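Colleague: just coords:
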């Protein structure tokens, strides 16, 4: 079904020129665009691509000469990625999940399914679970007893939701996510080597055999509204109190949150981030790919951790961190510059030492 250029511009709150009744049925990169595509050319560097493609309409940078680019219509985007977000939202039809409940789904008689929910095949919904209005649940999802799914949630293929997990409105769970598994929490009858090392920072006394006793997870996971959970994320339930994720937070693929972790609002946790047990993450925190946060630490509001950063001490609000162990980003960059100078410095020291020896032993 086509979309009018004028309607798209209105939805984006953007200016548009040309034939606003022109319709498109998809988006494309400029060079690959066909006549029915809206070319996404939000920077002058894409002008050459427009000449290679066949687009009649495009999203352009402010002030672009759309007629000179051979277009019939144009939308002007002051902020390219915001325009990208709006266009992709308009054109995304979402997964095809038929309305109603598929006959090959198993739903406990005590579960409550609100109006407008769509539930695909091979879904299992446990006793006392609640599914909100217009929620969409794709195939092979399992929802354990007492779990709650909010309105307009989208739970995609193969997601596993544990007992008593509470998921807010408009939450998106990508395929394979596991929410509400037991925490990785064990103890030894006598103080373990790990406890000893924590106390001594490296010294070990006599080493003796030890075995691990499970600490069971009695809490659950609570996820706020408008959260997105990436593919194959794993979120452990709390030991006593709940593991929590604040509203608006986004988790990339393969993020792991351990037991008792608290993540604030509007955070962005990129691929393979790992947060250890009982850590607390403030609001609007951004952690790049493969960042790690140690257990029982606090990361303040608005902290940014560059990719691969390992946070091993509390991080104050607003700090920008990089490295292993994490330090201020500007300090890390200076240290890296100094490290690259070390071979030249070593050569100069060696030359000076050689010269000194010659001056003391002229013969």
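Modeller: In hand now; what should we look at? Not measured: the values here are computed from a predicted model. Residues are numbered from 1 along each chain as shown.
Colleague: can we go C-alpha only for contacts and neighbour counts from here?
Modeller: Noted.
Colleague: contacting residues for residue 66?
Modeller: 60, 72, 73, 74 (CA atoms under 8 Å, 6 or more residues apart in numbering).
Colleague: of all pairs in those, which one is the farthest apart?
Modeller: Farthest pair in these (CA to CA) is 60 and 72. Separation: 12.5 Å.
Colleague: who has more neighbours out of these two?
Modeller: Using other CA atoms under 10 Å as the criterion, residue 60 and residue 72 rank with residue 60 on top: 25 against 16.
Colleague: if I look at that one, how far off is residue 353?
Modeller: For residue 60, the distance to residue 353 (CA to CA, to the nearest Å) stands at 63 Å.
Colleague: same question, residue 29
Modeller: Where residue 353 is concerned, residue 29 sits at a distance of 61 Å (CA to CA).
Colleague: more crowded one of these two?
Modeller: Using other CA under 10 Å, the more surrounded residue of residue 29 and residue 353 is residue 29, with 18 against 12.
Colleague: from residue 261, how far off is that one?
Modeller: Distance, residue 29 to residue 261, using CA to CA: 41 Å.
Colleague: ditto for residue 339
Modeller: For residue 339, the distance to residue 261 - CA to CA - is 36 Å.
Colleague: could you do residue 178 as well?
Modeller: 15 Å.
Colleague: who touches residue 176 in this structure?
Modeller: 156, 157, 158, 159, 160, 231, 232, 233.
Colleague: same thing but 6 Å
Modeller: Shown in contact with residue 176 (CA atoms under 6 Å, 6 or more residues apart in numbering): 158, 159, 231, 232.
Colleague: where do the helices of this structure begin and end?
Modeller: Secondary structure of the chain, counting by DSSP state H: helices at 5-12, 47-52, 80-91, 193-200, 329-360.
Colleague: ok, which of those helices comes nearest residue 206?
Modeller: Nearest of those (CA to CA): helix 193-200, 9.6 Å.
Colleague: so where's the stretch 1-150 of the chain uncertain?
Modeller: Residue ranges of the stretch 1-150 of the chain with pLDDT under 70: 1.
Colleague: switch the cut-off to 90
Modeller: Filtered on pLDDT under 90, the stretch 1-150 of the chain yields the residue ranges 1-2, 93-94.
Colleague: over to the stretch 251-363 of the chain?
Modeller: 350-363.
Colleague: so residue 181 makes contact with residue 236?
Modeller: Yes - counting by CA atoms under 6 Å, residue 236 is a contact partner of residue 181 at 4.8 Å.
Colleague: now residue 38. Nearest residue, chain neighbours left out?
Modeller: Distance criterion CA to CA, 6 or more residues apart in numbering; nearest residue to residue 38, sequence neighbours excluded, is residue 27 at 4.6 Å.
Colleague: one more: residue 62?
Modeller: Excluding its sequence neighbours, the residue lying closest to residue 62 (CA to CA, 6+ apart) is residue 76, at 5.3 Å.
Colleague: so the one you found touches residue 58, yeah?
Modeller: No - look at residue 76 against residue 58 with CA under 6 Å: they stay out of range, at 8.6 Å.
Colleague: for burial, what's the neighbour tally of the nearest residue to residue 49 once chain neighbours are set aside?
Modeller: Nearest residue to residue 49, sequence neighbours excluded (CA to CA, 6+ apart): residue 31, at 4.2 Å. Using other CA under 10 Å, residue 31 has 19 other residues around it.
Colleague: let me see the contact set for residue 31.
Modeller: By CA under 6 Å, 6+ apart, residue 31 lies in contact with 49, 50, 52, 53.
Colleague: now the two most distant members of these.
Modeller: 49 and 53 (6.3 Å).
Colleague: joint contacts of the two?
Modeller: Jointly contacting residue 49 and residue 53 under the rule CA under 6 Å, 6+ apart are 30, 31.
Colleague: picking up where we left off before, more neighbours, residue 178 and residue 261?
Modeller: residue 261 (27 against 22).
Colleague: what about the strands in the stretch 251-363 of the chain?
Modeller: Here the stretch 251-363 of the chain has its strands, by DSSP state E, counting those that start in this stretch, at 256-257, 262-263, 268-269, 274-275, 280-281, 286-287, 292-293, 298-299, 304-305, 310-311, 320-322, 327-328.
Colleague: to residue 240, which of the ones you listed lies closest?
Modeller: strand 262-263 (13.2 Å).
Colleague: list the contacts of that closest one.
Modeller: For strand 262-263, contacts defined as CA under 6 Å, 6+ apart pick out 243, 244, 245, 246, 280, 281.
Colleague: turn those residues into JSON lines, including neighbour count and distance to residue 4.
Modeller: JSON lines is the format used below for the contacts of strand 262-263 (neighbours: other CA atoms under 10 Å; distance: CA to CA, whole Å):
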{"residue": "243", "neighbour count": "28", "distance to residue 4": "45"}
{"residue": "244", "neighbour count": "24", "distance to residue 4": "42"}
{"residue": "245", "neighbour count": "26", "distance to residue 4": "38"}
{"residue": "246", "neighbour count": "23", "distance to residue 4": "37"}
{"residue": "280", "neighbour count": "23", "distance to residue 4": "46"}
{"residue": "281", "neighbour count": "26", "distance to residue 4": "43"}
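Colleague: from these, which is closest to residue 5?
Modeller: residue 246 (36.2 Å).
Colleague: report the contact partners of that closest one.
Modeller: Shown in contact with residue 246 (CA under 6 Å, 6+ apart): 224, 263, 264, 265.
Colleague: repeat that for 8 Å
Modeller: So residue 246 contacts 223, 224, 225, 227, 263, 264, 265, 266 (CA under 8 Å, 6+ apart).
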